[in-house]
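1. Below are the sequence and a predicted model for it; my questions follow.
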Amino acid sequence: MNALLWRDLRLAMRAGGGFGLGVAFFLIVCTLVPFGVGPQGGTLALIAPGILWVGALLACLLSLDRIFALDHEDGSLDLLATAPLPLEGVVAIKALAHWLTTGLPLVVFAPVLGVLLHLPGTAQGWLLLSLLLGTPALSMLGAFGAAVTVGLRRGGLLLSLLVLPLYIPTLIFGAEAVRRGATGADPVTPLVFLAGITLATLAVIPFAAAAALRVNLR
């Protein structure tokens, strides 16, 4: 499992899906927003929770099609399907590699972009916690979408259309937790729902994605 994880991390970096790609896209989104809505601090602070979460969500989409595509192209996926490691474990490891190269850098840099959007200081910690709880679900759901569309020509667009509706609950509760933190309300309830979504995703999606891979590899 460790060897597979390190292999996927190296492949992600070589294929252009490394640490800088998602962060650069996240920065671009958060930089363009003030040009569109105006530089007023009150307006930016009001919409900052939603913008930060939408930016993180879209940044996670950038490299989803690479989760299984490279292995499918060179035949490694067929070998992984017959390896002693269960296919569910392969899915989990690949989702972890995607989170380490995409989700975790977003979590680290999000407070800096929060300052750019005038997010109140009281909400910075809640932003960090909400992304830490929610981004693993984004990577795991993305792994499911990648498993369903692996081997399809122009599967990137279909992958986005399939995954985006699944991202909506995570987006709602993540942005709500940050909004409550910014206004001084209690953000614990949306954070509990966000953690519940992530735990349910981690428990169920590896089996669903493994089943989809088996169907596509037949």
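-> Alright, I've got the coordinates.
2. Can you pull out the low-pLDDT segments for this structure?
-> 1, 11-19, 154-155 (pLDDT under 70).
3. in it, what residue sits furthest out from the centroid?
-> Outermost residue of the chain with respect to the C-alpha centroid, by Cα atoms, centre = their mean, is Q40; its distance is 29.5 Å.
4. residues of whichever helix or strand R179 is part of that come out buried?
-> Per DSSP states H and E, R179 falls inside helix 155-183. Judged by neighbour count (16 or more other Cβ atoms under 10 Å), helix 155-183 contains these buried residues: 155-156, 159-160, 162-163, 166-167, 169-182. Yep, even glycine has a C-beta here, placed from its N, CA and C like the rest.
5. about what we covered before: list the residues that contact the residue farthest from the centre of the chain.
-> Counting by Cβ atoms under 8 Å, 6 or more residues apart in numbering, Q40 touches no other residue.
6. Okay, it and V54: tell me how far apart.
-> 19 Å (Cβ to Cβ, to the nearest Å).
7. same question, L213
-> Per Cβ to Cβ, L213 is found 29 Å from V54.
8. In the one helix or strand V112 maps to, which residues are buried?
-> Following DSSP H and E, one finds V112 within helix 104-116. Across helix 104-116, burial judged by 16+ other Cβ under 10 Å covers L104, P105, L106, V107, F109, A110, P111, L113, G114, L116.
9. Same list, those, but as JSON lines with distance to F26 please.
-> Shown next, in JSON lines, are those (distance: Cβ to Cβ, whole Å):
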{"residue": "L104", "distance to F26": "12"}
{"residue": "P105", "distance to F26": "8"}
{"residue": "L106", "distance to F26": "6"}
{"residue": "V107", "distance to F26": "11"}
{"residue": "F109", "distance to F26": "7"}
{"residue": "A110", "distance to F26": "8"}
{"residue": "P111", "distance to F26": "12"}
{"residue": "L113", "distance to F26": "6"}
{"residue": "G114", "distance to F26": "11"}
{"residue": "L116", "distance to F26": "11"}
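10. Of those, just say which sits nearest to L133.
-> Of all the buried residues of helix 104-116, V107 has the smallest distance to L133: 9.8 Å, by Cβ to Cβ.
11. what kind of secondary structure is L96 in?
-> Three-state call for L96 (DSSP: H, G, I helix; E, B strand; the rest coil): helix.
12. so who does it touch?
-> With contact set as Cβ under 8 Å, 6+ apart, L96 has these partners: L5, S139.
13. Look up how far A45 lies from it.
-> Using Cβ to Cβ, L96 is found at 34 Å from A45.
14. V178 contacts S130, doesn't it?
-> Yes - using Cβ atoms under 8 Å, V178 makes contact with S130 at a distance of 5.6 Å.
15. Break down the protein into its helices, ranges please.
-> With DSSP state H as the criterion, the chain has helices at 2-14, 19-37, 41-61, 66-74, 76-81, 87-98, 104-116, 124-149, 155-183, 188-217.
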